[in-house]
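Enquirer: Mind folding the following:
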Amino acid sequence: MAEPIRIANCSGFLGDRHTAAYEMVTGGPIDVLTGDYLAELTLAILARQRLKDPERGYARQFLDHMDGVLELCLEGGIKVVVNAGGLNPDGLARAVEAVVEELGRTATVAAVSGDDLMPRMAELADRLRHTATGKTFADMGEALTANAYLGGWGIAGALERGADIVVTGRVSDASLVVGPAAWRHGWEPTDFDQVAGAVAAGHVIECGAQATGGNYSFLAEVEGVPGFPIAEVAEDGSSVITKHPGTGGLVSIGTVTAQLLYEIGAPAYPNPDVIALLDTLTLSPDGEDRVRISGTKGLAPPVTTKVAATTRGGYRNSMTMLVAGMDIEAKAEMALEGLWSGLGGKDQFASVDVQLLRTEHEDPPSHEAAFAYLKVTVVDPDADKVGRRFSNAVVELILASYPGFTLTSPPGPAGPVLEYWPSLVPHPPARVVIGDQEYTVAPPPGSDDLPVYTDPTVAGYEDPGPTIAVPIGRVVGARSGDKGGDANLGIWTRTEEAYEWLAGFLTIERLRGLLPETASLPVERYLLPNLRAINFLLVGYLGEGVSSSNQLDPQGKALGEYFRARVVDIPEKLLAV
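Expert: Numbering: from 1, shown residues only. Prediction:
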């Protein structure tokens, strides 16, 4: 069997640690340096940049991250594979070629595209349907971006043709690992088990330090600033997740479990190249800061791939008032009455969102502990209506409303609302450009045969014994995130006995009781006994998604810790472990 390929990550989002690329290249041996720069909102930001300058539309941060690093990669034979091409992979490839020339080096730079559907919108607008509402894109107005998720075979093809640096548009996050692994090991598109194993590894390292102790529930176990992860992917698709020696954080069964649960739905995890069955894999320790992932099974991918589109959703403005002391609700009502009266009513706006955040303490021990927050957000197609006209009306209440009226910010203008618009489309081929050569790489064969999951009835914990009311986070970890307008809540235990209790205890009905925000929402529950975990998909929990959300936590990142803080009756013997 060939040696595993060591694939490092140096970025989990557009603003990630700027020194990570250097740390990964100089901290120990790696074969490939990858970076994930794209999220739902990122492409819309890049679209605005491209409107101002047609040569832009890519993540310039990548060029900053590679300052002083690119030459080391070329000297050491380290391949670089990133999705920083955004909306303009060809433009980023040209920028990288210019940097290589400045260094006095030679390198083969490839651009992988084919994901951008904007040139086809006239053809597709009546066929692209919102996955939640069923509306066509033609009903939604002007599109800013529309990108289909590509898989890893375009990347593999570029590496096969000698590329040293591969920049892509919107590929699935795990494709940054799938492509190099498939290239190195000579996999075929129908080697679904091997590809599924690479998807699992890619899913773990795609968000950088979240695999090495970042955002980890059991933070007392994490020492120092977490380093970035490495996936050693073997020819059979198994992998070892690790990090460079001497870096902070940790790689453990827990940190890998947490990241496997991040932003998933059912255990059948669809990617453009394969459906990875996350309930088939096994985690096992493989030494200090080393966790092995093995046994992942895969199925042919769906016949369609995800489309992430954004459209203009009007304009939005928010103002927040501090409400202190007693009679919080009465004071909030007084402020709202004065605001709507001064504006001529609230029905004039396309939407109004009012949140009274009860953060005040009874008998407050400090000045700051006396405050609640009243946040008012208005949205409308008319920018003037929700601009300074609205925020000035809030300011005018300062001397004419409840006692102690205070604002958290001065009045400001409205900003644009970008609505996230998910859909599905048949897989487009990947376009690979290397110099003056252009190639097309076909997607793997798809299938309509998708696994169907039901929520099994689990017998209750046989002998709970005495219980004690404590936060459920004393016995479970959690990781949560956004999937468009939905949120996922992955919960896991560290012992089989605790999982047996959790699987019987935490039904959908009980979850609704613990998270009252889900009372009217569809909720799906999936068991992953191999990870001692349950994943909940909370449909519509985030409204229309991060780009248009008014919530304080628009991506649901803190949802898991909110859940862990809820108090339930837990068997005392589980707490003794």
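Enquirer: from here on, contacts and neighbour counts on C-alpha atoms
Expert: Fine.
Enquirer: and the end-to-end length of stretch 61-70?
Expert: 14 Å (CA to CA, to the nearest Å).
Enquirer: no no, stretch 3-22
Expert: Using CA to CA, the end-to-end distance of stretch 3-22 comes out at 24 Å.
Enquirer: contacts for it?
Expert: Outside stretch 3-22, the residues that touch it by CA atoms under 8 Å, 6 or more residues apart in numbering are 24, 29-39, 42, 59, 61, 64-66, 68-69, 177, 180-181, 184, 205-209, 228-235, 239.
Enquirer: In strands only, show me the residues you listed.
Expert: Counted as lying in strands by DSSP state E, out of these, are V32, L33, T34, G35, P229, I230, A231, E232, V233, S239.
Enquirer: Quick check: the farthest pair among those residues?
Expert: Pairwise distances across the ones in strands among the contacts of stretch 3-22 peak at 18.5 Å for G35 and S239 (criterion: CA to CA).
Enquirer: Below-threshold pLDDT in this structure: ranges please.
Expert: Applying pLDDT under 70 to the chain flags residues 545-548, 577.
Enquirer: List the strands paired with the longest strand anywhere in the chain, with their directions.
Expert: Selection of the longest strand in the chain by residue count, based on DSSP E, yields strand 304-324. Strand 304-324 has its sheet partners listed here by DSSP bridges as strand 143-148 (antiparallel), strand 371-380 (antiparallel), strand 406-407 (antiparallel), strand 415-426 (antiparallel).
Enquirer: buried set for the helix or strand that the second one is followed by?
Expert: The one in question is strand 371-380. Helices and strands here follow DSSP states H and E; after strand 371-380, the next one along the chain is helix 388-395. The neighbour-count check on helix 388-395 (16 or more other CA atoms under 10 Å) flags R388, R389, F390, S391, N392, A393, V394, V395 as buried.
Enquirer: Could you give the separation of helix 388-395 from the chain centroid?
Expert: When distances are taken as CA atoms, centre = their mean, to the nearest Å, helix 388-395 is centred 34 Å away from the chain's centroid.
Enquirer: Residues contacting it, please?
Expert: If you take CA under 8 Å, 6+ apart as the criterion, helix 388-395 is touched by N317, S318, M319, L339, G342, L343, L407, P410, P411, G412, P413, A414.
Enquirer: Turn those into TSV, columns for distance to V458.
Expert: Output for the contacts of helix 388-395, formatted as TSV (distance: CA to CA, whole Å):
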residue	distance to V458
N317	47
S318	45
M319	47
L339	52
G342	56
L343	55
L407	50
P410	54
P411	54
G412	53
P413	53
A414	50
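Enquirer: and of those residues, the nearest to A478?
Expert: Distance to A478 across the contacts of helix 388-395 (CA to CA) is lowest for S318, with 30.9 Å.
Enquirer: Measure how buried that closest one is and give me the count.
Expert: 24 (other CA atoms under 10 Å).
Enquirer: try K483
Expert: 24.
Enquirer: same check, this time on R474
Expert: Neighbour count of R474, defined by other CA under 10 Å: 15.
Enquirer: and if you look at P285?
Expert: Taking other CA under 10 Å as the neighbour definition, P285 ends up with a count of 15.
Enquirer: which ones are touching it?
Expert: P285 is in contact with S252, I253, V291, R292, counting by CA under 8 Å, 6+ apart.
Enquirer: May I see those arranged in JSON lines, with distance to E221 as well?
Expert: Formatted as JSON lines, the entries for the contacts of P285 read as follows, by distance: CA to CA, whole Å:
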{"residue": "S252", "distance to E221": "10"}
{"residue": "I253", "distance to E221": "12"}
{"residue": "V291", "distance to E221": "16"}
{"residue": "R292", "distance to E221": "20"}
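Enquirer: thinking again about what came up before, need the strands paired with strand 304-324 in CSV with mean neighbour count, can you?
Expert: Converted to CSV, the strands paired with strand 304-324 look like this (neighbours: other CA atoms under 10 Å):
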stretch, mean neighbour count
strand 143-148, 23
strand 371-380, 22
strand 406-407, 18
strand 415-426, 21
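Enquirer: so can I have TSV of those strands showing distance to E362?
Expert: What follows is the strands paired with strand 304-324, written out as TSV (distance: least, CA to CA, whole Å):
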stretch	distance to E362
strand 143-148	48
strand 371-380	10
strand 406-407	20
strand 415-426	36
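Enquirer: List the buried residues of stretch 438-445.
Expert: Residues of stretch 438-445 classed as buried by neighbour count (16+ other CA under 10 Å): V441, P443, P444.
Enquirer: Could you do stretch 561-577 as well?
Expert: Taking 16+ other CA under 10 Å as the basis for neighbour counts, the residues of stretch 561-577 that come out buried are E561, F563, R564, I570, P571.
Enquirer: Name the residue in G35 and S239 with the higher neighbour count.
Expert: Here G35 and S239 are compared on neighbour count by other CA under 10 Å; more neighbours surround G35, at 30 against 27.
Enquirer: Now do the contacts for the more buried one.
Expert: Taking CA under 8 Å, 6+ apart as the criterion, G35 is in contact with N9, C10, S11, G12, V81, V82, N83, A84, L176, E206.
Enquirer: Out of these, who's the most crowded?
Expert: Counting neighbours by other CA under 10 Å, L176 comes out on top of these with 35 neighbours.
Enquirer: Make sure it is actually in contact with A200.
Expert: No. L176 lies out of contact with A200 (CA atoms under 8 Å); the separation is 11.8 Å.
Enquirer: what separates the nearest residue to Q210 once chain neighbours are set aside from M334, distance-wise?
Expert: With sequence-adjacent residues excluded and distances taken as CA to CA, 6 or more residues apart in numbering, Q210 is closest to Q259, at 6.7 Å. In this view, Q259 and M334 are 46 Å apart by CA to CA.
Enquirer: and the closest residue to G295 other than its chain neighbours, how many residues sit next to it?
Expert: Using CA to CA, 6+ apart and skipping the chain neighbours, the partner closest in space to G295 is L281 (4.8 Å). Residues near L281, counting by other CA under 10 Å, number 20.
Enquirer: Surely G114 touches H427?
Expert: No. With contact taken as CA under 8 Å, G114 and H427 are classed as non-touching, separated by 9.8 Å.
Enquirer: Quickly list what's touching both of these two.
Expert: The contact sets of G114 and H427 overlap at L150 (CA under 8 Å, 6+ apart).
Enquirer: ok, the nearest residue to G197 once chain neighbours are set aside to R184 distance?
Expert: Nearest-residue entry for G197: G237, 4.5 Å, with adjacent residues in sequence omitted and distances by CA to CA, 6+ apart. With the distance defined as CA to CA, G237 ends up 12 Å from R184.
Enquirer: I398 now?
Expert: Here the criterion is CA to CA. By it, I398 lies 66 Å from R184.
Enquirer: Phi, psi for G197 please.
Expert: With angles defined as degrees, to the nearest 10, G197 shows backbone torsions of phi -60, psi -40.
Enquirer: Can I get the helix or strand hosting D193 in CSV, CA atoms only?
Expert: Secondary-structure assignment from DSSP H and E places D193 in helix 192-205. Taking only C-alpha atoms (Å, rounded to 0.1, in the frame of the first residue of the first chain), the coordinates of helix 192-205 have been written out as CSV:
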residue,chain,number,x,y,z
PHE,A,192,-17.0,5.3,-3.4
ASP,A,193,-15.8,3.9,-0.1
GLN,A,194,-12.3,5.4,-0.5
VAL,A,195,-13.8,8.7,-1.6
ALA,A,196,-16.2,8.7,1.3
GLY,A,197,-13.3,8.2,3.7
ALA,A,198,-11.6,11.2,2.2
VAL,A,199,-14.8,13.2,2.6
ALA,A,200,-14.9,12.3,6.3
ALA,A,201,-11.3,13.4,6.7
GLY,A,202,-11.9,16.6,4.6
HIS,A,203,-15.0,17.4,6.7
VAL,A,204,-12.9,17.2,9.9
ILE,A,205,-10.1,19.5,8.8
